[in-house]
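everything below, folded, please.
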Amino acid sequence: MSDAISFGPFVLATPTLLVLVSWALGWWTGSRLNRDDDPGVAKLLTRAFIVTLVAARAACVIEWSGAYLAHPPDIVDLRDGGWNLPVGLSLGWLYALAARPRQVRSARAVHLALAISMMAFVGGTVALHAMSDDDRRLALRDLLMTHLDGTPTTLQAHEGRMTVVNLWATWCGPCQREMPLLADAEATHPDIDFVFVNQGEPAEQVTRYLSDQHLSLKHIALDSASQVARAIDLRGLPTTVYLDAGGRVLAIAVGREARPANRILAIS
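Sure, this is the predicted structure:
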């Protein structure tokens, strides 16, 4: 099963943590096998890690260019957790291979470090995706959240109706611009339940934000421990999960949807 860790406004999804652990294992391997104490090994692995992070972020920005270009400061706002990890890790790995002949003497240390990193990432990714669709449905339907008044709620309460679950936070710029669109979609689709699941913020902060933005939404849930993020392998905020009447995941969309009502109609 996947997981995620929250650091204040940051949500570190398990796939992101997996990249960090994979590179740490590679770094440790390279250091242990660097018999000649070649300083070039550590420098090369550091540069490759930086390439990985930059490439992973750039690939995500390109993938969701419509949302990011609509508000360019969001490109450098890493709190949304937007990373394309396979692209980033692959480009970092290729950079290290291409740069190795010019920067280090210990080819074996670098090659094995890269191999260990890639094996750890691939193996971890396979393990994270071992959860079946049924397990994911059950995990989502039973997660305990709270309403703004502190009463408990679960997504199981919405079974029997198509449900749109939007993961958001008050600090998230794309979330702020998306929520009025989703509020309009909620008003025009009374046959669909919209559940706005806040990630990790207190009720007072959420209530104040909704009041300031003049947003009237039917279903607000507080997910203080980011349990939903863990269940769906959160890639970034905002994320919208589309569930059928039986609670099965139909689609997961990361980033601000330009026409949410059209997307809802397309999959309903």
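
how about the helices in the stretch 151-268 of the chain?
Here the stretch 151-268 of the chain has its helices, by DSSP state H, counting those that start in this stretch, at 173-188, 203-212, 227-231, 260-267.

how far does the third one sit from the chain's center?
Going by CA atoms, centre = their mean, to the nearest Å, the spacing between the C-alpha centre of helix 227-231 and its chain's C-alpha centre is 10 Å.

and that helix, average pLDDT?
For helix 227-231, mean pLDDT rounds to 83.

picking that back up, which of the helices of the stretch 151-268 of the chain sits closest to Glu159?
Nearest to Glu159, of all the helices of the stretch 151-268 of the chain, is helix 227-231, at 15.6 Å by CB to CB. (C-beta placed from N, C-alpha, C; glycine too.)

so which bits of that closest one are buried?
Gln227, Val228, Ala229, Arg230, Ala231 (16 or more other CB atoms under 10 Å).

and which of the residues you listed is nearest Gln176?
Ala229 (18.5 Å).

burial check on Thr46, number of neighbours?
Here the count is done by other CB atoms under 10 Å, and Thr46 has 12 residues near it.

can you list the domain ranges for this protein.
4-128, 133-267 (automatic domain parsing).

which of the ones you listed has the lowest average pLDDT?
Lowest mean pLDDT within the domains of the chain: domain 4-128, at a mean of 77.

rebuild the buried residues of helix 227-231 as JSON lines, extending it with distance to Asn34.
Formatted as JSON lines, the buried residues of helix 227-231 follow (distance: CB to CB, whole Å):
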{"residue": "Gln227", "distance to Asn34": "42"}
{"residue": "Val228", "distance to Asn34": "43"}
{"residue": "Ala229", "distance to Asn34": "38"}
{"residue": "Arg230", "distance to Asn34": "37"}
{"residue": "Ala231", "distance to Asn34": "41"}
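
thinking again about what came up before, format the helices of the stretch 151-268 of the chain as CSV; extra columns: distance to Thr163.
Formatted as CSV, those follow (distance: least, CB to CB, whole Å):
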stretch, distance to Thr163
helix 173-188, 11
helix 203-212, 20
helix 227-231, 12
helix 260-267, 11
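
deepest in the core, which of these is it.
Mean neighbour count (mean count of other CB atoms under 10 Å) peaks for helix 227-231 among these, with a mean of 23.

what's that one packed up against?
The contact analysis (3 or more CB pairs under 8 Å, 6 or more residues apart in numbering; DSSP states H and E) places helix 227-231 against helix 133-141, strand 163-168, strand 193-199.

can you pull the buried residues of the last one?
Residues of strand 193-199 classed as buried by neighbour count (16+ other CB under 10 Å): Asp193, Phe194, Val195, Phe196, Val197, Asn198, Gln199.
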